Each structure stands twice: as C-alpha cells, then as structure tokens.
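A.B. asks: Please find the sequence and the predicted model below.
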Amino acid sequence: MSIFSRVMALMAFELTDDHQKIWEEAYTFSKEVVEPVIGEYEEACRYPLKIFREMGRRGWLGFNIPEEYGGSERDTISYVMLIEALTEGSSSASVGLIVDTHCLASETVRLFGNEYLKEKYLPKLANAELVGGFAITEANAGSNVTNIRATAIKDGDEYVLNGEKSIVVGGEVADLLVASFRVVSDDGNDKITAFLVDTRNPGVEREPVDCIGLKACGLAKFRFKDVRVPEENVLGDIGKGIRVALSVLDFGRIGVASVALGITGAALAHAVEYAKKRVQFGQPIIKFQGLRWLLADLRVEFDAAKLLTLRAAYLRDKGVRYTAEAAMAKLYATELAMRATIKAIQVYGYHGYLKSSPLGRLMNDAKGLEMAEGTSEIQRIVIAREFLGD
Ligand SMILES: Cc1cc2nc3c(=O)[nH]c(=O)nc-3n(C[C@H](O)[C@H](O)[C@H](O)COP(=O)(O)OP(=O)(O)OC[C@H]3O[C@@H](n4cnc5c(N)ncnc54)[C@H](O)[C@@H]3O)c2cc1C
C-alpha cells in the first residue's frame, strides 16, 4: 500500500453552515472591534485585555473545553475558522495568537490536570476570567527542551520553583502558566515535569520582551524565586513534562497555522484591493499579467495551506494521530504567510513600505510564527520522522 493512501482516505470533510457562521462572526468582530484599536496596542506593546475578555464572553476561548467545565465545546475546524478570521479581520496576528496560546494552556489542564484543577480553573479559563500562558523556552532551552534548567524541589506537599522562562505569549497579564521545570532528585536523574503555576504567588516576577512583531500579544519573560506550588498542580506524571508539552503542541500548531492563514488572507485582500485602484501606464496595475500571476500563485498556495490545516483539524476531531499533519500545516502556512506578506508589499510599491501600511506589521508577525511553537526546521524534523518511520 502506498504511504500516501492513509492521507487520501482521510480527506472526506466538509464545512458546515456553523463553521461558516463562526468565520463570519469572528471576522466582523475583528474588523469592527479589533482593527480600529489594535494599532494602539501594538504601538504601546500592550496586551488587549478588554478584547480578550469580550472574546471570553462570546465563548470563543472555550472551544476546546467540555460544557461540564464551562466550555463551549466545538470541533477543531471551528477553532481554525475562529483564529483565521480574527487574524484576517484585524490585519494583525496578535489576537489570533493570544487565543491559541491561551487555549494551549487550558488544553494542557484539560488533558493532564487532575479533577480538582479542572473544576477550579477550566471554567475561568473558558470565560476569560483568567489568562493562561505556556512557558517552556529558556535562554539555553529552545528547540532542545531537554536543556531546561529551571528547577522544582519537593518540600512536604509543595514544590519550590526557581529559574527563568524567556518568552511567553500573554505573559504580560497571564494569571496561570503551564510551565516546565526539572524536578531535582537525589539520584541525580532530574525529571522534566509540567506544572500549573499561579503567577499571583509570591516570588513570580515578569518583564516585557520587546520583539519586532506580534507586539500586541503581551510577550514577557518570567523569573521564579522560591515560588511554592501545591503538589496537586503537577500536570501529568513527574518526568513526563516533555511528553505533555509535545502532545498539546500538536493542537497548538493547528492554531498557529490558522493565524498564518489569516495573515495570508489579509495580505492577499490588501494586495488585490490596492492593485485594482492603483493606476500606472494608463491602467489599474491589476491588469498587468506579472501581478495577476503573482496573485494567482498566492491564491493557490493559500488554498493548499488551508486544506492542510483543515485536514489536521479534521484528523484531531476524528481522534486520529495528527502529529505529522499539524507540523505540515504549521510549516507550510507560516512560511507562506512570510512569502505572501513580502509579495503583497511588492504589489504596493513604496506605499507598502510605509510604516502606516498594515503590510509591514503582517510581515513581522509572520516571521515570529515561523518560530513560535517550534521552528520550521523542527517541523521538518517531525514530518521526516513520522513519514520515514525511523
Ligand atoms: C513570537 C514568538 C512567541 C513565542 N512564544 C512562546 C511561548 O509562549 N512560550 C514558550 O515557551 N516559547 C515561546 N517562543 C519560543 C519558541 O518556542 C522558540 O523560539 C523556538 O522553540 C526555537 O527556540 P530558539 O528560538 O531558542 O532557537 P534555537 O533552538 O536556538 O534554534 C536556532 C536555529 O537553529 C535551528 N535548529 C535548532 N535545532 C535544530 C536541529 N536539530 N536541526 C536543524 N535546525 C535546528 C532552529 O530551527 C533555528 O533556526 C516564542 C517565540 C517567538 C518568536
């Protein structure tokens, strides 16, 4: 049997009216509520907490949470539609990435938290009363998460946390962090473990991280100094922190791919609108074949990226392993977002290079997505491993 037959057999999905409705509601909200103000948040490098709370009120932060824990429980295709539309409508990736990272944190609690943690926190994460963050990366632990140096030492029925986390989406305001620490053991075999950390505990310090893009998603670094967390805040088993992180990152990567789709969609829409209006050599530039082909190629790639993303979402909804498919979607969609924004700026000429154009922001946002939740190189490693089976 061909190695591709599994893929072909699993592509029988269709979009429902509900999926379309979610896209339209999120797009309208984003265009009318987010787009007019997001530039101010970007300029000030501030997290748009008011928008976040409103999204919680609408049930958009609880798609991955069952109703019994206060969630709005939708399929993953709905999640793709939501995040794509939020990004495209605002011409900014920040709000889309905020949703994805917050849901990554709540997803970890849903899958690996005990009943006490689920009951205590999931309803508040779903309705946006609490902001969640996901903290793995450290100065010397990026792609290689086994290098984590932050420590957790058992003291009675608590763990004492020390160390740093370098860059966390939503960190500026996060109330809860899903964070990985090295549980120190007497035999010298430290075990990387995931914890749920309440950032309002004494000893947690944070400071903003100023990046070239994604400026309105509250990027921050954390320092933990003798922070005490109860032992029931361990997520999954002691020593299984990397497995915990990798299994939820499959879901997160579908979200990052969806943000990237929104960037490409916005870049294409801007480019088409501009090219219809801009006149050179006596005609709108959209009449020039060179630009028509550029736009046609981007349209093909956009559809390819969207199909890859929907396929990964569909497989997750079917309960089928989707690690490779999520990595393919993330890799292709984020690299496309980078290409698409560069080409859209070319269509605009110098107008696209002006700071007032939304395209520069989209390009800088796209670059960040090629790294967040695993770089393109790491996605290729995952795909090759899954594909070649070695
Ligand atoms: C916008 C943004 C948001 C982020 N948000 C978060 C967050 O919320 N929480 C969090 O924990 N982290 C976050 N990160 C960190 C992100 O997960 C890391 O940037 C990523 O895992 C890569 O780590 P690194 O940047 O240290 O690069 P490194 O691991 O140092 O890699 C440097 C380069 O080497 C390449 N490389 C590394 N290993 C290999 C290999 N085996 N084969 C081939 N090439 C390799 C990489 O692909 C990269 O090009 C965020 C990053 C960005 C840019």
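C.D. replies: Cool, got the structure.
A.B. asks: looking at this, Val160 is in a helix?
C.D. replies: No: checked against DSSP: H, G, I helix; E, B strand; the rest coil, Val160 lies outside a helix; its state is strand.
A.B. asks: In contact with it, which residues are there?
C.D. replies: By CB atoms under 8 Å, 6 or more residues apart in numbering, the contact set of Val160 is 152-153, 226-228. Every residue, glycine included, has its C-beta placed from N, CA and C.
A.B. asks: Give me the buried entries from these.
C.D. replies: Buried subset of the contacts of Val160 (neighbour count, 16 or more other CB atoms under 10 Å): 152, 227.
A.B. asks: Can I get the contacts of Val160 in CSV including distance to Glu301 and pLDDT?
C.D. replies: CSV is the format used below for the contacts of Val160 (distance: CB to CB, whole Å; pLDDT from 0 to 100):
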residue, distance to Glu301, pLDDT
Ala152, 44, 97
Ile153, 50, 96
Asp226, 50, 98
Val227, 45, 98
Arg228, 50, 98
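A.B. asks: ok, how many other residues are close to the spatially closest residue to Val279 that is not a sequence neighbour?
C.D. replies: Closest residue in space to Val279, ignoring its immediate chain neighbours: Ile285 at 7.3 Å, by CB to CB, 6 or more residues apart in numbering. Applying other CB atoms under 10 Å, we find 19 residues neighbouring Ile285.
A.B. asks: now swap in Arg339 and tell me
C.D. replies: The number of residues packed near Arg339 is 15, by other CB under 10 Å.
A.B. asks: Now do it against the ligand, distance only.
C.D. replies: 17 Å (CB to the nearest ligand atom, to the nearest Å).
A.B. asks: just Gly368 next, same as before
C.D. replies: 3 Å.
A.B. asks: Give me the three-state assignment for Val197.
C.D. replies: strand.
A.B. asks: Wait, it touches Arg206, no?
C.D. replies: No: assessed by CB atoms under 8 Å, Val197 is found out of contact with Arg206, at 11.6 Å.
A.B. asks: Compare those two (neighbour count), which wins?
C.D. replies: Per other CB under 10 Å, whichever of Val197 and Arg206 has more neighbours is Val197, with 26 against 19.
A.B. asks: Just the pLDDT for the more buried one.
C.D. replies: The per-residue pLDDT reported for Val197 equals 98.
A.B. asks: Same check on Asp187?
C.D. replies: In this prediction, Asp187 has a pLDDT value of 80.
A.B. asks: Which elements pack onto the one helix or strand Gly290 maps to?
C.D. replies: Assigned by DSSP states H and E, Gly290 belongs to helix 289-317. Judged by 3 or more CB pairs under 8 Å, 6 or more residues apart in numbering; DSSP states H and E, the packing partners of helix 289-317 are helix 76-90, helix 241-277, helix 323-348.
A.B. asks: Can you give me the neighbour number for Thr16?
C.D. replies: So Thr16, with other CB under 10 Å, has 12 neighbours.
A.B. asks: Please apply the same query to the one 10 residues further on.
C.D. replies: The burial metric for Ala26, expressed as a neighbour count using other CB under 10 Å, is 28.
A.B. asks: State the distance from the residue nearest to it when sequence neighbours are not counted to Thr137.
C.D. replies: Of all residues beyond its chain neighbours, the one nearest Ala26 is Ala85 (3.7 Å), with distances taken as CB to CB, 6+ apart. Applying CB to CB, to the nearest Å, the value for Ala85 to Thr137 is 28 Å.
A.B. asks: and if you look at Ile22?
C.D. replies: For Ile22, the distance to Thr137 - CB to CB - is 31 Å.
A.B. asks: try Arg361
C.D. replies: Computed with CB to CB, the distance linking Arg361 and Thr137 is 23 Å.
A.B. asks: wait, doesn't Thr341 sit right on Ala260?
C.D. replies: No: using CB under 8 Å, Thr341 is not in contact with Ala260, being 10.2 Å away.
A.B. asks: Could you report the neighbour count for the residue in the chain that the ligand sits nearest to?
C.D. replies: The nearest approach of the chain to the ligand comes at Gly142, 1.9 Å away (CB to the nearest ligand atom). Residues within reach of Gly142, counting by other CB under 10 Å, total 16.
A.B. asks: Distance-wise, check it relative to Val95.
C.D. replies: Applying CB to CB to Gly142 and Val95 gives a distance of 25 Å.
A.B. asks: any idea which helix or strand carries Val95?
C.D. replies: Using DSSP H and E, Val95 falls in helix 94-112.
A.B. asks: Name the residues of that helix that are buried.
C.D. replies: 94-110, 112.
A.B. asks: Of those, which are in range of the ligand?
C.D. replies: Thr101 (CB under 6 Å from any ligand atom).
A.B. asks: Can you name the residues of the stretch 1-150 of the chain sitting close to the ligand?
C.D. replies: Close to the ligand, as judged by CB under 6 Å from any ligand atom, the stretch 1-150 of the chain has residues 101, 134-137, 142-143.
A.B. asks: tell me the angle of the helix or strand in which Phe181 is found relative to helix 94-112?
C.D. replies: Using DSSP H and E, Phe181 maps to strand 176-183. Angle, strand 176-183 to helix 94-112, by axes from the mean of the first three to the mean of the last three CA atoms, to 10 degrees: 60 degrees.
A.B. asks: Show me what strand 176-183 pairs with in its sheet, parallel or antiparallel.
C.D. replies: Its sheet considered, strand 176-183 pairs with strand 132-135 (parallel), strand 151-155 (parallel), strand 191-198 (antiparallel) by DSSP bridges.
A.B. asks: Return the most buried member of the ones you listed.
C.D. replies: Among the strands paired with strand 176-183, strand 132-135 has the highest mean neighbour count (mean count of other CB atoms under 10 Å), at a mean of 28.
A.B. asks: what about that one, distance to the chain center?
C.D. replies: Distance, stretch centre to chain centre, for strand 132-135: 11 Å (CA atoms, centre = their mean, to the nearest Å).
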